[in-house]
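Trainee: Sequence first, predicted coordinates after that:
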2 protein chains.
Amino acid sequence: MNLLIIEDEIDLALEIGEFLTKQGFIIDHARKRVTAEEKIFVNEYDFILLDLGLPDGDGFQVLKKLKQLNNREDAVIILTARGDVDDRIKGLEEGADDYLAKPFSLNELLARIHAITRRKHKLETNDIDVNGFKLDIKNRMVSYGENRINLTKKEFEILNYLVLNKNRVISRVSLTEHVWGDILEINSDSNFVDVHVKNLRKKLATHAEISWFETVRSIGFRINA
Amino acid sequence: MNLLIIEDEIDLALEIGEFLTKQGFIIDHARKRVTAEEKIFVNEYDFILLDLGLPDGDGFQVLKKLKQLNNREDAVIILTARGDVDDRIKGLEEGADDYLAKPFSLNELLARIHAITRRKHKLETNDIDVNGFKLDIKNRMVSYGENRINLTKKEFEILNYLVLNKNRVISRVSLTEHVWGDILEINSDSNFVDVHVKNLRKKLATHAEISWFETVRSIGFRINA
DNA sequence: GCAAATTTTAAATACTATTTACTATTTTAA
DNA sequence: TTAAAATAGTAAATAGTATTTAAAATTTGC
């Protein structure tokens, strides 16, 4: 999953970034309103952490611009100063998914992210069952019955993203965007996505039949469940 | 569906072209006003992406010329610089179907294209029912009841174009234009249209009776629904 | 700083879609 | 009724895309 931090306090942004990178997230960072907007127009994010007080404008402006775009599912978490109740209310009214009062613990942030994922995909728990395979999104573990399947970070991220978007064709571009980050910086005439998909499939296939993990020719992949 | 990109930034045009080609679109490209106009006179497009700032003139001129032609249903999406509100309004007044502010994400473009298709054909959703067969235009999937039907790109495009123009006879030339692109570059004494229609019919017919998929002798095909 | 694990690149192979070329069948109209 | 035209069907050649493998580069964990 990819995440954009819109925050001018660089130390804070770096701290969050480092923590979430360890959790397998792909982090992008904008310090100013304009850069944030540029990034949002071009890339799609699973999560956006939005600080309201930016040097060149108001976080709400960014939120408004985002909401004008079509077909976007970026989840927005607003970062406010503690006690600033009005901002929180306004944020939620403008379509943010959650807010977090500064200072907050990184674990709290992570908990919110998982909560939003559950809500967005209508999950009861942090576990998802896909044709007998169990994905534990919180602990980033995959198993089939009693057998643990050791996936690398990229393999897990691919599976995770496809599973959360099951029954939809996910293009290679979109998969790249969410698992590797900013498309503009990626060498697109390589086949690294396919190689990882191959390795992932091989690991899964040792446990069961995986015809539900389809390739959609010339577009991308789809997991049927 | 075919689409003409009128845009002088070659990198942008190529990026859009590559993305939409993967989605099954047939792409044509003009960098200058004059070439764009020539192409419009010769071919009919499902969609035209029109950048306003062209090296040899104004995009509005192209739009005006297009609107003077009769019996045309090309949908026009104007590309403007973000913030240029006057141009958007003028564009819509001059008969454009939508506008898109640069820079934009490719998914946003695709969303607009689908929205226009729905509007143009008065569809409530992205699904069309044709005598029991279900076409999901967004995911490019066809099914009959619970059964998925795997169509190749060309097969899907043929069905899609005929279905969107149901109850009208579509000539081989017109079908060729919209599914294969620029007629001038196509070998017209070949029978590839018929071969694909044959293959498509065969796949559909395994699920149900398809007498509604008619051949109109010496002209083309018609889907009755 | 080294060894192991992971990611990326690159090239070969396998597979699927598209087009061509040809034959068989159907339709039309003299 | 029959010959010409149009369409339907088949199979092989070509083009395009996906999969697999292996090795190089990079990152991670001790």
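Mentor: Ah, there it is.
Trainee: gap between residue A:38 and DNA strand C?
Mentor: 24 Å (C-beta to the nearest atom of the strand, to the nearest Å). Just so you know, the C-beta spots here come from the backbone N, C-alpha and C atoms, and that holds for glycine as well.
Trainee: Could you pull up phi and psi at that residue?
Mentor: Phi and psi for residue A:38, reported as degrees, to the nearest 10, are phi -60, psi -50.
Trainee: Name the nearest residue to it, ignoring sequence neighbours.
Mentor: Distances taken as C-beta to C-beta, 6 or more residues apart in numbering or on different chains put residue B:103 closest to residue A:38, at 7.0 Å, once the chain neighbours are dropped.
Trainee: and the residue in chain A that DNA strand D sits nearest to, bridged to which residues?
Mentor: Nearest residue of chain A to DNA strand D (C-beta to the nearest atom of the strand) works out as residue A:215 at 3.6 Å. Per DSSP bridges, the residues bridged to residue A:215 are residue A:221.
Trainee: any low-confidence regions in chain A?
Mentor: Counting by pLDDT under 70, chain A shows low-confidence ranges at A:184-185, A:188.
Trainee: Tell me the residues of it that contact DNA strand D?
Mentor: Neighbours of DNA strand D within chain A, by C-beta under 7 Å from any atom of the strand: A:191, A:194-195, A:197-198, A:201, A:215, A:217-219.
Trainee: Inside helices: which ones of those residues?
Mentor: Among the residues of chain A next to DNA strand D, DSSP state H puts A:194-195, A:197-198, A:201 in helices.
Trainee: Turn those residues into TSV, including neighbour count and distance to chain B.
Mentor: Shown next, in TSV, are these (neighbours: other C-beta atoms under 10 Å in any protein chain shown; distance: C-beta to the nearest C-beta, whole Å):
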residue	neighbour count	distance to chain B
A:194	12	14
A:195	11	19
A:197	22	16
A:198	10	20
A:201	16	19
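Trainee: from those, which is closest to residue B:19?
Mentor: Ranked by distance to residue B:19 (C-beta to C-beta), these are led by residue A:194 at 17.9 Å.
Trainee: Distance of the closest one relative to residue B:219?
Mentor: 44 Å (C-beta to C-beta, to the nearest Å).
Trainee: now swap in residue A:223 and tell me
Mentor: Distance from residue A:223 to residue B:219, by C-beta to C-beta: 43 Å.
Trainee: Counting by contacts, list what the longest strand along chain A packs against.
Mentor: Counting residues, the longest strand found in chain A (DSSP state E) is strand A:75-81. With contacts defined as 3 or more C-beta pairs under 8 Å, 6 or more residues apart in numbering or on different chains; DSSP states H and E, strand A:75-81 has these neighbours: strand A:47-51, helix A:59-68, helix A:85-93, strand A:98-102, helix A:106-120.
Trainee: what's the angle from that strand to helix A:106-120?
Mentor: 140 degrees (axes from the mean of the first three to the mean of the last three C-alpha atoms, to 10 degrees).
Trainee: just to revisit the earlier point, looking at residue A:223 and residue B:219, which is more packed in?
Mentor: Neighbour count, other C-beta atoms under 10 Å in any protein chain shown: between residue A:223 and residue B:219, residue A:223 has more, with 21 against 13.
Trainee: wait, isn't the more buried one in contact with residue A:212?
Mentor: Yes: contact criterion C-beta atoms under 8 Å: residue A:223 and residue A:212 qualify, at 6.1 Å.
Trainee: can you list residues touching both of the two?
Mentor: Residues touching both residue A:223 and residue A:212 by C-beta atoms under 8 Å, 6 or more residues apart in numbering or on different chains: residue A:130.
Trainee: before we move on, back to that, check the offset of the longest strand of chain A from the chain's centre.
Mentor: Mean-position distance between strand A:75-81 and its chain equals 15 Å (C-alpha atoms, centre = their mean, to the nearest Å).
Trainee: Equivalent analysis for stretch A:76-90, please.
Mentor: Worked out by C-alpha atoms, centre = their mean, stretch A:76-90 lies 22 Å from the chain centre.
Trainee: Now do that stretch: distance from first to last residue.
Mentor: 13 Å (C-alpha to C-alpha, to the nearest Å).
Trainee: what sits up against it?
Mentor: A:7, A:47-53, A:59-60, A:63, A:66, A:91, A:95-104, A:109, A:112-113, A:116.
Trainee: of all the helices and strands packed on strand A:75-81, which lies closest to residue B:207?
Mentor: helix A:106-120 (34.8 Å).
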